[in-house]
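Engineer: Have a look at this prediction, sequence included:
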Amino acid sequence: MLPSQNRLKKRKEFAYIYKNGKKINSKNLSLVFVSSKKMETRIGISVSNKVGKAVSRNKIKRQIREVTRFFLKNLKNHQNFILVAKPSITSCCFEDIKKEVFYLLNKGNLFKNEQNNKNN
RNA sequence: GUAGCUAGUUAGACGGUCGAAUUGCUUUGCAAUUAGGAAAGUCCGAGCACAAUAGGGCAGGGUGCGAGAUAACAUCUCGUGAAGGCGACUUCAAGGAAAGUGCAACAGAAAUAAACCGCCACUAGUUAAAACAAUUUUGUGUUUUUAGAUUUUGAAAAUUUCAAAUCUUACCUCCUAUUUUUUCGCAAGAUUGUUUGGUGGUAAGGGUGGAAAGGUGGUGCAAGAGACCACCGAUAAGUUGGAAACAAUUUAUGCCAUGUAAACCCCACCUUGUGCAAGAUAAGGAAGAACAAAAGGUUUGCCCGACCUCUUCCGAUAUACAUCGCUUGAACACAUUGGCAACAGUGUGUCUAGAUAGAUGACCGUCCGCGACAGAACUCGGCUUACAGACUAGUCUACUUGA
RNA sequence: GGAAAGGUGUCAGAGUGGUCGAAUGUGCUUGUCUCGAAAACAAGUGUUCCGAAAGGAACCGAGGGUUCAAAUCCCUCCCUUUCCG
């Protein structure tokens, strides 16, 4: 679980990011991100009702949180972003999600240094 | 042993690393706790909060065999009745159609109501041109895939009827033409028989329909008929048993009247509305308009009743932000007493999720039968629906085998 | 979390107990018109199963019930849409 400083909480913050952010898609996920004034990188996760019932939605949320917690130290500051799950994600396992999140973050140039990318 | 019936239990286990929420101690950190039987559907019933209070009447809504349980109930328990099952047992929105209104297509002579055909008696008239009916011959046209037998079984209490089953048989690649046969319609002819009107009686028959004025059989009669009789059914009253629903039985009535109330309705009982996105944490102060009556507003769809001056700014004033509501409760476990039971009382013990973009997880290892349905959002009591596998109990039921 | 509305032929959409497999438009097929097409006009046309054919049976989101009879009335479930900050 993420510490509470690094979470996006309010409905209007989500709406602002959806309006003004850049969007990157992959097969099962999509990433929306925007630069901000605060130091901490903040992350939001949204899994819509189309993905499945409550149990499967919760499981996907937890797995995405674990992945973002793993990458959190290496991310740039002054960034807000949202990860949106698509309905096809239910067939993925944990490692598939990890690879996709890494691909998206790398494509958006959200990591601090290139050396860390090679290490991961 | 096989197949069932009923009542229940459980819902992978253990260890390690890294994290999240709440609480406590201490503030380095440590410790404890952290999702279900349905948390689901939101279908009922309550608590709780607000609407000045939650009042009266009507409308609207709900429930509907009896008694009990409960905070309450469309819930539960024990009974009654009906239906199903060989049985253990299961299922049932199960008041009123004689308070009134509405509806009942098609078919049928006739549909809630006694008339048409028919049958019978009396009376007037007619004697075969004509009409009707049956049988048959000829001509012509159209259409068509089945027909028969018996026994068995079941239902209506017996005669009889209906239904199902079984058996035999016809057709079976398609199209066209011709011939024959059968059925039906039309036209013409032959033979045989009968004839109409009126008044009265009657409700047997007219096989339709979900439903046809109690059913079957007999006596009886001009023809008939609960007109009378036997059995079965129905209705009413009484007696006995039971707390009651109701059951048993006796007597009387020739029978008073189809179905539908999950159509309106009647009877009995219950029912104010909105839902934690309820609501509380700010009471007050200043300015302006109005001041009686009237008008207007609020409270439930309407009426009564009740209540009320209004607007702006300041006030921690704000992106619905923070705190409370929020978890000790009609709570849970065990023992015991009362009760057939639902359940209630008493005693002892326990504190057992409380998040707010929303925690209860991710990865690794070991074991097994390889893990179904599924995620709290104010809280309880039920109902309904989803569900892999494993297990338990019963003086429980049926059949088979053995002693 | 709470509160409402709806589900009918390919599509839209009417039908609130009886001659309703279901009006009407749209789509599709055929014909007329034309050198050919469009438009217009006329006729036909739902799906599945059984059957040689004539024809018969089932289907109004799914499953039960009430009724002689249910797309319609009642109950349970499934799906879709909308509203409340």
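Structural biologist: Cool, the structure landed.
Engineer: What sits closest to the residue minimising distance to the centre of chain A if chain neighbours are left out?
Structural biologist: In chain A, the residue lying closest to the centroid (C-alpha atoms, centre = their mean) is residue A:83, at 3.6 Å. Distances taken as C-beta to C-beta, 6 or more residues apart in numbering place residue A:45 nearest to residue A:83, at 5.2 Å, with adjacent residues excluded. In short, each C-beta sits where N, CA and C put it, glycine included.
Engineer: what's the following helix or strand after the top helix by length along chain A?
Structural biologist: As assigned by DSSP state H, the longest helix anywhere in chain A is helix A:54-71. Counting by DSSP states H and E, the next helix or strand C-terminal to helix A:54-71 is strand A:79-85.
Engineer: Tell me where chain A has strands.
Structural biologist: With DSSP state E applied, chain A shows strands at A:22-25, A:29-35, A:42-47, A:79-85, listed in chain order.
Engineer: Just send the ones you listed back as JSON lines, with distance to RNA strand B too.
Structural biologist: Formatted as JSON lines, those follow (distance: least, C-beta to the nearest atom of the strand, whole Å):
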{"stretch": "strand A:22-25", "distance to RNA strand B": "16"}
{"stretch": "strand A:29-35", "distance to RNA strand B": "12"}
{"stretch": "strand A:42-47", "distance to RNA strand B": "5"}
{"stretch": "strand A:79-85", "distance to RNA strand B": "8"}
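Engineer: Single out the most deeply packed of those strands.
Structural biologist: Most buried of the strands of chain A, by mean neighbour count (mean count of other C-beta atoms under 10 Å): strand A:79-85, with a mean of 21.
Engineer: average model confidence for that one?
Structural biologist: The average of the pLDDT scores along strand A:79-85 is 80.
Engineer: ok, now stretch A:51-64?
Structural biologist: 78.
Engineer: Identify each buried residue in it, please.
Structural biologist: Neighbour counts over stretch A:51-64 (16 or more other C-beta atoms under 10 Å) mark A:51-52, A:57, A:60-61, A:63-64 as buried.
Engineer: and which of those residues is nearest to residue A:72?
Structural biologist: Relative to residue A:72, the closest of these is residue A:64; by C-beta to C-beta it sits at 12.5 Å.
Engineer: Alright, calling it a day.
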